[in-house]
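Asks: sequence first, predicted model second:
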Amino acid sequence: MTSEDLTALGVSADLVVHYVRAGWLQRLARGVYCRPSNPPDLHPRLGLLQRSFEGLRVGGKSALDWHGIRHYLAQRPVLQLYGWKAGRLPP
């Protein structure tokens, strides 16, 4: 979840800092948090990125693979993302 999500839930920025220091929240990137007991999954992370980057979508061989079409795919799948504008993804 993002800082905006936490603010909408009534959690202040100071309280977020307290939660991170207490170990109740884990900071993944600037303004992005998760619970330590629930590591982030791929689909919620993509949903978060789609809110941050306009027009972001999964495409190419990644989309084909998700729809069950596997043709000349690598042994280790690579997630291909496309968007309307270029942007830097968080680590």
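Replies: Yep, it's here.

Asks: okay, now G55: neighbour count?
Replies: Using other Cβ atoms under 10 Å, G55 has 9 other residues around it. For the C-beta atoms, the positions are set from N, CA and C on the backbone; glycine is no exception.

Asks: nearest residue to it in space, please, no chain neighbours.
Replies: Distances taken as Cβ to Cβ, 6 or more residues apart in numbering place W84 nearest to G55, at 3.2 Å, with adjacent residues excluded.

Asks: what segments of this protein are strands?
Replies: In the chain, the strands defined using DSSP state E lie at 26-29, 32-34, 57-58, 81-82.

Asks: list the buried residues of stretch 58-65.
Replies: By 16 or more other Cβ atoms under 10 Å, the buried positions in stretch 58-65 come out as V58, K61, S62, D65.

Asks: ok, now stretch 46-57?
Replies: Neighbour counts using 16+ other Cβ under 10 Å place L48, L49, F53, L56 of stretch 46-57 among the buried residues.

Asks: ok, the second one to P36 distance?
Replies: So the one you mean is L49. Note on L49: its distance to P36, by Cβ to Cβ, to the nearest Å, is 21 Å.

Asks: number of residues surrounding R27?
Replies: 13.

Asks: counting neighbours, what do you get for T2?
Replies: T2 has 15 nearby residues by other Cβ under 10 Å.

Asks: also K85?
Replies: Look at K85: counted by other Cβ under 10 Å, it has 8 neighbours.

Asks: how close does it sit to G55?
Replies: 7 Å.
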